[in-house]
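1. Quick one, fold the following:
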Amino acid sequence: MADITLFQSIVKLTRPLFIILLLTLSGCIQMHTTVHVHKDGSGTIEEKMLFSEMLSGIMKEKGGSLPALPKKNQLKEMSAEFGPYVKVVNVKKVENSGDSGFIVTYAFDDIEKVRIGNVQKMSKKLTADSTAVQSDSTAVQKPETWFTFTMKRGANPELTIHKEAMLNSSSRGEVAKKPVSTQEKEQMLDMISAFLKGMKLDIDVVVDGRVISSDASYRTDNTITLYAMDFDQLMTHRDILTGKYDGLSDRDFARRSGKDSGLKFEFKDRVHVIFN
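-> Numbers count the residues shown, from 1 in each chain. The predicted structure follows:
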């Protein structure tokens, strides 16, 4: 079992501090990261973030506003999350049915120098902010789940996706965990459901060509899904968020929670994709 699973990242939604910070600091209703890989190992990363109309209205009532396009220094930090050789090539504003946000496109020359974190920016920002408000925190290095890549070039390139736990690059505070009853978790879910309605988080890898073979757990044509969360669908399986599957391995959780749970994640430590 991994030191920290993708599933555990979602379970954190039941912790009060995480919920409060999510609503007040993030406001991101949809985040979709798509990695496009060409046959020579180069490619692009498209990162789409949308903020809800409801949150926009709340911010206006408080005299604030939702985040505008990222600033130059923010873009530099965002690209560094994917690796030191990933560069920003384009930023554009998007609107969709009242929601608004932006799409950032990055480019890289070598997929083997790219890494993708699970819901990385949200978890990183919230964890960092949580340490600032907790006086009883202890500085530690915590493992996070990341996807890295290796690739065999040739007429039929083979892309291997590795899931591994990595320590944070800097120490962060570890918030003391207090036991929360199932009833309390249910009440918290009721409280946040309206705010998080429509939330979706996705990480996909798209290879440039026809897939000859792949052992990925979730694949549609040439698209490999590493992570996908649909909050609305997840709320129809509330037992996932109230602790029923705590302690299970990634593989056992995926098997027992079902295909329609609203939560997909690659539970294998290594996935191969051969394409042409």
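
2. OK, contacts around the most far-flung residue of the chain relative to its centre?
-> In the chain, A155 marks the outermost C-alpha relative to the chain mean, sitting 32.3 Å out by C-alpha atoms, centre = their mean. If you count contacts by C-beta atoms under 8 Å, 6 or more residues apart in numbering, A155 has them with N276. (Each C-beta comes from the backbone N, C-alpha and C, glycine too.)

3. what's the distance between it and G209?
-> Distance of A155 to G209, given as C-beta to C-beta, to the nearest Å: 11 Å.

4. what's the overlap in contacts for those two?
-> N276.

5. I'd assumed G43 was in contact with K113.
-> No - in this structure, K113 is not within contact of G43 by C-beta atoms under 8 Å, at 11.1 Å.

6. of the two, who's got more company?
-> Remark: of K113 and G43, G43 carries more neighbours, 23 against 15, as counted by other C-beta atoms under 10 Å.

7. Thought Y85 was touching that one, still the case?
-> No - the pair G43 / Y85 is not scored as a contact, 11.9 Å apart, by C-beta under 8 Å.

8. joint contacts of those two?
-> Each of F108 lies in contact with both G43 and Y85 under the rule C-beta under 8 Å, 6+ apart.

9. all helices of the protein, in order?
-> In the chain, the helices defined using DSSP state H lie at 6-11, 16-21, 53-61, 72-82, 120-133, 182-192, 231-234, 250-257.

10. quick one: the residue nearest to A254 when sequence neighbours are not counted from S249, how far?
-> Nearest non-adjacent residue to A254, counting by C-beta to C-beta, 6 or more residues apart in numbering: F267, 5.0 Å away. According to C-beta to C-beta, F267 and S249 sit 8 Å apart.

11. Could you give me the buried positions within stretch 40-49?
-> Buried residues in stretch 40-49, counted by 16 or more other C-beta atoms under 10 Å: 41, 43-49.

12. Same question for stretch 93-104.
-> Here stretch 93-104 shows 99-104 as buried, counting by 16+ other C-beta under 10 Å.

13. That'll do, ta.
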